[in-house]
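K.L.:
Below are the sequence and a predicted model; questions follow.
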Amino acid sequence: MLTQIRNLTRGWVAGVIIGFLALALGIWGINDIFSGVGGDNVARVGSQAVSAQELSRDLDLALRQQQSQLQPGQAPISRNQAIEGGLHLQVLNAILNRRAMHAYAEKLGAIPAPAQIADAIREIPAAQNPITNTFDRETYNSFVRELGFTPAQYEAEIRGELAANMVLSALTAGARAPSSYGALALAFETERRVVALAEVPAARVQPIPDPTETQLDELYNRMSAQFAVPEYRALTLVAARADDFVDRVQVPEADIRAEFDAAAARLAQPEKRTFAQVTAPNEAAANDAARRLAAGETAEAAARAVGGQAVAFTSQARAEIPDPQIAEAVFTMQSGAAPRVVRGRLAPFAAVRLDAIIPAITPTLETERETIRARLAQDRAAELMNEAVRTYENARDEGRSVADAASAAGLAVTQIPAVDAQGLGPDGAAPEALIDQGEVVETAFQTPEGDASDFIAGADGADYIVEVTGVTPATTRPLEAVRDTVLQVWRGQETARRLRDLAQRIATAVDGGQSFETAARAQGARILETDREIDRRMASQIPAQNLGLELFGARVGEVVSGVRLDGNALILGQVQEVRRTDPAQEPQALAAAREAFQQQLGLSIAEAVQADALRAANARTNQAALDRLFPRTAAAPEDGE
């Protein structure tokens with residue numbers, strides 16, 4: 001059944017289906033699709049790059065969502081904790097899947113009408129006037145600005161979500177599971193079995209004699225794929241990266257001062273404030289809300305009590321607050337001041353509570369010197385790198401080898417003795433220079449021996465030339481090199497065969513009329529349990545290969561078996577009774593099972609579409625940029641590990 005053979009918690013699949021709703025709420029998945037391509041891009045989907053700024057913004061939105069859902073007493077997750085736990089990688093995965101689906105929908109010609117986009121925007125709660133509950137352009141612009149977007153960028157994202165949902169809706173709308181599947185699903189989910197279990201130690205069928213040479217050869221030939229040694233290639237890798245030239249650059253103080261003078265106004269940041277606002281229909285309600293805020297109630301709780309609406313403003317400059325009366329009140333309040341009631345311009349009355357003051361930033365040459373110096377040095381380093389590339393190409397035209405030409409030009413040269421088509425060396429580890437460089441490795445295995453590629457873009461933002469200096473053909477390790485391994489497999493297989501024969505003798509005795517307990521003990525087994533009722537989950541926890549599945553596929557009285565996971569025993573089971581729920585007696589459960597099965601069918605179709613979209617988009621991540629821009633202080637496990 002679908003619910004048993006699929007993992008139903010794959011968040012990005014469900015996320016695409018409900019993506020537009022989350023987007024409309026303004027709490028997840030917003031990113032700037034117009035960002036250019038640069039060295040700090042963390043991924044690429046088709047022809048579109050995903051910048052570090054986009055990922056950072058989406059991560060901040062995810063943390064804001066998490067904070068809005070905290071229960072009393074729960075501490076929020078910090079940005080560093082989120083990165084340590086790999087949340088930024090989950091957010092990046094959501095971005096890649098969303099981008100891929102948008103491209104997929106566009107390719108299929110799913111183009112939402114302007115009226116659809118407008119209707120969707122009008123339904124965004126944060127874009128509505130809290131008093132009239134109707135769309136308000138000024139409120140909408142403020143909401144979009146708070147997220148860090150222009151209306152055009154935000155609307156482009158909505159257009160993509162609408163198009164993706166059009167495709168998914170069209171593909172899943174006609175999918176209907178037969179009504180009888182609900183009864184089957186209910187019976188499947190609720191079935192229990194009463195079983196008896198016994199165990200026979202492997203020592204009962206040992207010792208195992210050594211195989212003949214003929215038997216060993218036959219097993220070796222069957223296992224030959226496991227002993228295959230792939231083709232290895234020796235490479236000369238030339239890297240052109242601006243960072244390698246930074247130390248050669250001297251930036252004059254006059255250039256730093258001129259750059260600061262030109263950028264000082266842009267670098268300055270006004271004072272900002274974080275505050276909570278609760279709108280109210282009248283002054284008395286606003287006073288009540290202010291008292292509640294002062295007493296420690298959340299803005300949401302105070303808003304519910306007075307029939308208003310709570311709005312959180314984070315790090316807002318005075319000019320960014322849409323209501324000038326509210327802005328005046330907030331920016332005249334002192335830190336720690338009591339909540340204040342304000343007669344607003346957009347709402348008759350509101351209670352505001354000041355939560356934080358972020359001081360203005362006035363840049364100085366001293367505070368900005370190193371940042372400016374680094375930026376100017378990076379620009380000059382890029383120029384030096386381009387000059388080095390030209391020097392390399394001229395040297396190659398003169399007939400010099402790849403390594404000599406690169407060394408003469410000052411480009412980094414790495415010799416890699418052996419690497420296979422998966423980018424791994426003979427020790428099973430990737431050479432450091434090729435970690436996450438799949439395109440470079442692929443190019444190396446498309447280049448003839450003795451030839452060199454043109455410059456190709458690496459995953460870390462550098463450009464690479466790869467020369468194939470040697471090829472070691474694929475081969476298979478001889479039997480003598482793996483004899484001990486083959487012998488170990490032989491003994492394990494022979495032990496399992498003998499245990500299965502023993503299990504068959506017990507099953508035959510039971511078929512002949514003996515009780516399971518009597519037949520098992522006669523073969524040296526010990527009884528583990530009798531009359532035990534189990535469901536499918538409990539059956540899956542029995543530590544024997546496939547025994548849980550066998551028990552739920554056997555008829556009453558049948559004996560089934562499986563080798564214990566450590567290989568040191570055989571576990572046998574007999575089905576004594578099958579117990580099922582009568583669907584006629586559980587109408588609500590039956591209806592729920594039908595609905596759940598229908599939803600899983602839709603999710604299965606959506607998942608297949610998503611997988612195809614992501615595969616077609618050729619999504620790639622830049623692990624080097626991720627590690628540099630989102631550093632993790634300790635190795636944290638990834639999802640699924």
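P.N.:
Yep, that arrived. It should be emphasised that the depicted structure is a prediction, and the values quoted were computed from it without experimental measurement.
K.L.:
ok, Gly461 touching Arg241?
P.N.:
Yes - Gly461 is within contact range of Arg241, at 7.2 Å (criterion: Cβ atoms under 8 Å). From N, CA and C alone the C-beta is placed, and that goes for glycine too.
K.L.:
Show me the strands in the stretch 101-250 of the chain, by range?
P.N.:
Here the stretch 101-250 of the chain has its strands, by DSSP state E, counting those that start in this stretch, at 192-201, 228-229, 232-240.
K.L.:
And the ones you listed, which one averages the lowest pLDDT?
P.N.:
Lowest mean pLDDT within the strands of the stretch 101-250 of the chain: strand 228-229, a mean of 90.
K.L.:
Point out the other elements, helices or strands, that that one touches.
P.N.:
Secondary-structure packing of strand 228-229 (3 or more Cβ pairs under 8 Å, 6 or more residues apart in numbering; DSSP states H and E): strand 475-476.
K.L.:
Please name every helix or strand in contact with the strand it packs on.
P.N.:
Helices and strands touching strand 475-476, by 3+ Cβ pairs under 8 Å, 6+ apart, are strand 228-229.
K.L.:
residues making contact with the strand it packs on?
P.N.:
Applying Cβ atoms under 8 Å, 6 or more residues apart in numbering, the external contacts of strand 228-229 come out as Ala474, Thr475, Thr476, Arg477.
K.L.:
In contact with Glu449, which residues are there?
P.N.:
Taking Cβ under 8 Å, 6+ apart as the test, what Glu449 contacts is Arg233, Val468, Thr469, Gly470, Val471.
K.L.:
repeat that with 10 Å
P.N.:
Arg233, Ala234, Glu467, Val468, Thr469, Gly470, Val471 (Cβ atoms under 10 Å, 6 or more residues apart in numbering).
K.L.:
do the same with Thr332
P.N.:
Thr332 is in contact with Arg340, Leu354, counting by Cβ under 10 Å, 6+ apart.
K.L.:
From Ile358, how far out is it?
P.N.:
Going from Thr332 to Ile358 by Cβ to Cβ, to the nearest Å gives 16 Å.
K.L.:
now swap in Val205 and tell me
P.N.:
In terms of Cβ to Cβ, Val205 sits 75 Å off from Ile358.
K.L.:
More neighbours: which of the two?
P.N.:
Val205 (20 against 15; other Cβ atoms under 10 Å).
K.L.:
measure that one to Gly567 for me?
P.N.:
12 Å.
K.L.:
Report the helix or strand with the lowest average pLDDT across the chain.
P.N.:
In the chain, the helix or strand scored least confidently by mean pLDDT, DSSP states H and E is helix 2-5, which has a mean of 26.
K.L.:
Now the residue nearest the centre of the chain: which helix or strand?
P.N.:
A centroid search over the chain (Cα atoms, centre = their mean) returns Gln90, at 3.3 Å, as the residue closest to the centre. Using DSSP states H and E, Gln90 falls within helix 87-107.
K.L.:
same thing with Ala388?
P.N.:
helix 365-397.
K.L.:
for Asp436, same thing?
P.N.:
Using DSSP H and E, no helix or strand contains Asp436.
K.L.:
Lovely, talk soon.
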